[in-house]
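Asker: next come a sequence and a model predicted from it.
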Amino acid sequence: MYGELDLGSLTIFSGSFINYGYWDQLDPGHEISVEERTASQAELYRQVVSRLEPQAGQRLLELGSGIGVGAALVARQFGTSVSGLDRSPAQLARAAEVNAKALKELPLSYHEGSVTEIPWDEGTFDGLYSVEMLQHVDDLAAVAREAHRVLKPGGNFAVATFFSPDGADTSQVADLIETVASGVDVIRPVGEFAADLTAAGFGEITVTSIGTHVWRQFDQWVGQTEHRDSWGRNWLRCFESGWVDYFIVTARR
Ligand SMILES: C[S@@+](CC[C@H](N)C(=O)[O-])C[C@H]1O[C@@H](n2cnc3c(N)ncnc32)[C@H](O)[C@@H]1O
């Protein structure tokens with residue numbers, strides 16, 4: 001998908017995370033530090049995983065674990081075991097290297113495979129989560145079915161990524177966002193994913209917009225980097241036009 005490109009090395013990301021982050025409100029004149037940028041990405045993980053209400057010792061699966069620092073954070077902070085699943089061998093190699101110490105100290109592991117064909121038996125996990133990865137998947141109904149299959153009854157599923165608000169006109173987004181034009185990112189109505197979850201057998205579905213914690217602050221960060229004149233600045237325009245938003249979606253099996 002990204003080829004050999006190490007997205008985590010781009011200055012728009014930091015700390016080996018690859019997400020837009022969850023931020024408090026920022027003074028527009030504030031100079032964001034790299035530490036603050038990294039903290040925003042770690043906070044997005046906490047926002048998602050806390051919604052699983054995980055208990056220490058439980059077994060969690062992360063879908064699209066990237067360079068694996070989020071999975072390590074979750075295992076350390078929530079006292080759970082975490083298996084990270086990613087389809088990119090290059091990401092998995094980075095994860096093994098970056099998290100070598102955590103892999104020795106924590107119940108943590110990384111595995112190759114696709115979220116549309118999850119390589120575990122049914123009823124394996126107490127909780128499932130993903131951070132900024134479902135926008136890469138064509139078949140979200142398959143993800144919903146697979147998530148339902150590998151979760152134990154009563155287990156929770158929580159995801160964060162960008163979707164369109166239901167009813168939004170997204171016709172201009174591909175002209176503004178290169179990764180949407182190329183098909184790397186797909187923008188779907190969030191209600192469509194909620195319907196996929198229902199069809200797969202999930203209940204208690206919640207859809208929460210967190211866009212006010214993401215887009216303006218992420219744009220402020222991009223404006224500080226050498227990408228300040230790039231198409232990446234158009235995300236904020238898409239959000240402010242009501243075409244795209246960032247959501248946390250949760251469901252119970
Ligand atoms: C934007 S990165 C996010 C990584 C990590 N969650 C984070 O926040 O730092 C998305 C990740 O999803 C992985 N991915 C994309 N499609 C996938 C699929 N169908 N199955 C498993 N992983 C996938 C990519 O290889 C990439 O590592």
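Answerer: Yep, that arrived.

Asker: pLDDT wise, what is the closest residue in space to H30 that isn't next to it in sequence at?
Answerer: Nearest residue to H30, sequence neighbours excluded (Cβ to Cβ, 6 or more residues apart in numbering): Q220, at 7.6 Å. Where you see a C-beta, it was placed from the backbone N, CA and C, and this is true even at glycine. Predicted confidence (pLDDT) for Q220: 97.

Asker: likewise L5?
Answerer: Value for L5, per-residue pLDDT: 64.

Asker: returning to that earlier point: immediately after the helix or strand where the residue nearest to H30 lies, which helix or strand?
Answerer: Element membership for Q220 (DSSP states H and E) is helix 215-222. Next helix or strand after helix 215-222 toward the C-terminus (DSSP H and E): helix 234-240.

Asker: packing partners for that next one?
Answerer: Packing partners of helix 234-240 (3 or more Cβ pairs under 8 Å, 6 or more residues apart in numbering; DSSP states H and E): helix 173-176, helix 215-222.

Asker: one more pass at 6 Å, please.
Answerer: helix 215-222 (3 or more Cβ pairs under 6 Å, 6 or more residues apart in numbering; DSSP states H and E).

Asker: in stretch 173-188, which residues are buried?
Answerer: Neighbour counts over stretch 173-188 (16 or more other Cβ atoms under 10 Å) mark V173, L176, I177, T179, V180, D185, I187, R188 as buried.

Asker: coming back round to it: residues contacting the helix holding Q220, please?
Answerer: For helix 215-222, the external contacting residues (Cβ atoms under 6 Å, 6 or more residues apart in numbering) are I12, Y20, G21, W23, L26, I32, R37, G232, W235, L236, F239.

Asker: please indicate which of these are buried?
Answerer: Among the contacts of helix 215-222, those classed as buried by 16+ other Cβ under 10 Å are I12, Y20, G21, W23, I32, R37, G232, W235, L236, F239.

Asker: could you look up the SS state of the nearest residue to T179 once chain neighbours are set aside?
Answerer: Once flanking residues are discounted, T179 sits nearest to D185: 4.3 Å by Cβ to Cβ, 6+ apart. Following DSSP: H, G, I helix; E, B strand; the rest coil, the label given to D185 is coil.

Asker: if I look at D185, how far off is G201?
Answerer: Here D185 is placed at a distance of 27 Å from G201 (Cβ to Cβ, to the nearest Å).

Asker: identify the residue spatially nearest to R46, adjacent ones excluded.
Answerer: Distances taken as Cβ to Cβ, 6+ apart put Q77 closest to R46, at 7.1 Å, once the chain neighbours are dropped.

Asker: does that neighbour lie in a helix or a strand, and which?
Answerer: For Q77, the enclosing helix or strand under DSSP H and E is helix 69-78.

Asker: can I get that helix as PDB, trimmed to CA atoms?
Answerer: Provided in PDB are the C-alpha atoms of helix 69-78 (Å, rounded to 0.1, in the frame of the first residue of the first chain):
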ATOM      1  CA  VAL A  69       4.100   1.400  19.400                       C
ATOM      2  CA  GLY A  70       0.400   1.800  20.000                       C
ATOM      3  CA  ALA A  71       0.000  -1.900  20.800                       C
ATOM      4  CA  ALA A  72       2.900  -1.700  23.200                       C
ATOM      5  CA  LEU A  73       1.400   1.300  24.900                       C
ATOM      6  CA  VAL A  74      -1.900  -0.500  25.300                       C
ATOM      7  CA  ALA A  75      -0.300  -3.600  26.800                       C
ATOM      8  CA  ARG A  76       1.700  -1.500  29.200                       C
ATOM      9  CA  GLN A  77      -1.000   1.000  30.200                       C
ATOM     10  CA  PHE A  78      -4.000  -1.400  30.400                       C
END
